[in-house]
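Visitor: Just a sequence and a predicted model for now, questions to come.
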Amino acid sequence: MNPPDTRFAQRARELYRAAAHRVDPLTSAQLRAARIRALATPPAGEQWPGTRWLVSGGAFAAVAFAAVMLWQPLMQLTPHSTLAISGTVGNGDADPELPPDADQADPALYQNLDFYGWLAANDRPIGNR
Amino acid sequence: MESDDVPSTDPDANAVNAAADTLAAPLFGAAPARVAPATLDTFLTQVERRAFRLAELQLRHREDAMDAVQDAMLRLVKHYRDKPAAEWPPLFWGILRRRIVDLQRRRKVRSIVVGWLGGGQDRDGEDLPTWEPVDQGQGPLDRLHDAQSWADLTTALRQLPRRQREAFMLRMLEGLDVAETARVMACSEGSVKTHLSRAMRHLRAQLEDWR
């Protein structure tokens, strides 16, 4: 760079710094406030102390919820309730304690009616017979 | 359209950059910007007004410039406060540069959408910097002359392609070295030299009366 170019660059830099000093008071105040806010910001790696407990608690709650959701269908599929469920397919509001409606019952139920009758008759504690 | 990564084939480029390095010594000896600041607060205090001027020069909008500087400060403090102080300048200017580019792209998209909707009256970018000089010991005529000269330089810089403008501002105005400028601009050092050389050529022609 020849001397005129050096003077050119030097002049540009002087003007730049002078322009920075001439920033109006309102802008200066806003810049100062922005700097103070920025410096008060916690570092990216630093978290609120309760965050770890919050994450652990959330994970535990999710696992517990999933366990409950899985446990309920398993409880409904116990042998005692299998008969009532199979007899009330498509009739969600039927009372499971009542005998199934003849129109909606499984036809296989009628084929083994004698067996179920015998089973009901003998399904008592031995001491009560 | 100018390529982002231009190899330095211009013989004038190395001369311009070598001279820029020699220029930096006496200038930055007087300026506190290149002395490693003791604290992040000191560093931000030193650069905040200059950052605002550069952002305003490129965005042509005061509020957008303020947003860009504020965001750059926040990101620097949040992510790089533990870095050595010598690394803060290129990191800060790099963050600010990316933020400015983001805002320019967003504004471009917005103006396209406004055009589609039949408005086409987006006047952002038409405002010139406001000048409210404070007393620096200069006479009113000197201050007026400086303000006018800066306005001329601003106008000439705005006519440059973005990469040339960035190279000039970071190397010549802010005084980063070639390696730091390349890091901020995410390009090679050769590209920085080429962009700067072209910017100088254009500005010399535009501001002939400065010589």
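Guide: Cool, the structure landed. Keep in mind that what you see is a predicted model, and the values were worked out from it rather than measured. Residues are numbered from 1 along each chain as shown, chains lettered A, B, ... in the order given.

Visitor: Give me the pLDDT for the closest residue to A:Arg32 other than its chain neighbours.
Guide: Leaving out its chain neighbours, the residue that sits closest to A:Arg32 by Cβ to Cβ, 6 or more residues apart in numbering or on different chains is B:Glu48, at 7.7 Å. For every residue, glycine as well, the C-beta is placed using N, CA and C. Listed pLDDT for B:Glu48 reads 95.

Visitor: And B:Ser3, by the same measure?
Guide: B:Ser3 is assigned a pLDDT of 50 by the prediction.

Visitor: For chain A, which residues are neighbours of chain B?
Guide: Selection of chain A residues close to chain B by Cβ under 8 Å from any Cβ of the partner chain yields A:1-2, A:4-13, A:15-25, A:27-28, A:30-32, A:34-35, A:37-39, A:41-44.

Visitor: Which members of those are classed as buried?
Guide: The neighbour-count test (16 or more other Cβ atoms under 10 Å in any protein chain shown) applied to these identifies A:1, A:5, A:8-9, A:11-13, A:15-20, A:22-23, A:27, A:30-31, A:34-35, A:38, A:41 as buried.

Visitor: Next step: these restricted to helices.
Guide: Counted as lying in helices by DSSP state H, out of these, are A:5, A:8-9, A:11-13, A:15-20, A:27, A:30-31, A:34-35, A:38.

Visitor: Name the residues of the helix ranked longest in chain B that are buried.
Guide: As assigned by DSSP H, the longest helix anywhere in chain B is helix B:88-116. Residues B:88-100, B:103-104, B:107, B:111 are the ones in helix B:88-116 that count as buried (16+ other Cβ under 10 Å).

Visitor: Any buried residues in the very next helix or strand once past it, and which?
Guide: Of the helices and strands lying after helix B:88-116 in sequence (DSSP states H and E), the nearest is helix B:140-158. Neighbour-count burial for helix B:140-158 flags B:Arg143, B:Asp146, B:Ala147, B:Ser149, B:Trp150, B:Leu153, B:Thr154, B:Ala156, B:Leu157 (criterion: 16+ other Cβ under 10 Å).

Visitor: least trustworthy helix or strand in the chain by mean pLDDT?
Guide: Since you didn't name a chain, this refers to chain A. Here the helix or strand of chain A ranked lowest by mean pLDDT, DSSP states H and E is helix A:79-87, holding a mean of 51.

Visitor: Pass me the low-pLDDT residue ranges in chain A, would you?
Guide: A:1-4, A:45-52, A:74, A:76-105, A:109, A:124-129 (pLDDT under 70).

Visitor: ok, longest helix in it?
Guide: Chain A, longest helix under DSSP H: helix A:51-76.

Visitor: Chain A versus the closest residue to B:Tyr80 other than its chain neighbours, what's the distance?
Guide: Nearest non-adjacent residue to B:Tyr80, counting by Cβ to Cβ, 6+ apart: B:Leu91, 5.1 Å away. Look at B:Leu91 and chain A: by Cβ to the nearest Cβ, to the nearest Å, they are 14 Å apart.

Visitor: hang on, isn't B:Leu91 packed against B:Asp82?
Guide: No: in this structure B:Leu91 lies outside contact range of B:Asp82 using Cβ atoms under 8 Å: 11.5 Å.

Visitor: okay, and the common contacts of the two?
Guide: When Cβ atoms under 8 Å, 6 or more residues apart in numbering or on different chains defines a contact, no residue borders B:Leu91 and B:Asp82 alike.

Visitor: Tell me the helix or strand right after the least confident helix or strand of chain A.
Guide: In N-to-C order, the element after helix A:79-87 by DSSP H and E is helix A:107-111.

Visitor: Format the CA atom coordinates belonging to that following helix as CSV.
Guide: Output of helix A:107-111 as CSV, limited to C-alpha atoms (Å, rounded to 0.1, in the frame of the first residue of the first chain):
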residue,chain,number,x,y,z
PRO,A,107,-71.7,-69.6,20.1
ALA,A,108,-68.9,-71.8,21.5
LEU,A,109,-70.4,-71.1,24.9
TYR,A,110,-73.5,-73.0,24.1
GLN,A,111,-71.7,-76.0,22.8
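
Visitor: so A:Thr27 touches B:Met66, yeah?
Guide: Yes: in this structure A:Thr27 lies within contact range of B:Met66 using Cβ under 8 Å: 7.2 Å.

Visitor: Now for those two: what residues contact both?
Guide: Joint contacts of A:Thr27 and B:Met66 (Cβ under 8 Å, 6+ apart) are B:Phe52.

Visitor: And for B:Cys187, the neighbour number?
Guide: Neighbours of B:Cys187 under the rule other Cβ atoms under 10 Å in any protein chain shown: 20.

Visitor: Kindly report the same for the one 10 residues further on.
Guide: Look at B:Ser197: counted by other Cβ under 10 Å, it has 23 neighbours.

Visitor: What distance do you get for it to A:Leu113?
Guide: 101 Å (Cβ to Cβ, to the nearest Å).

Visitor: Same question for B:Met73.
Guide: The value you get for B:Met73 to A:Leu113, if Cβ to Cβ is used, is 84 Å.

Visitor: Neighbour count for those two, which is higher?
Guide: Taking neighbours as other Cβ under 10 Å, B:Met73 and A:Leu113 compare with B:Met73 leading, 27 against 9.
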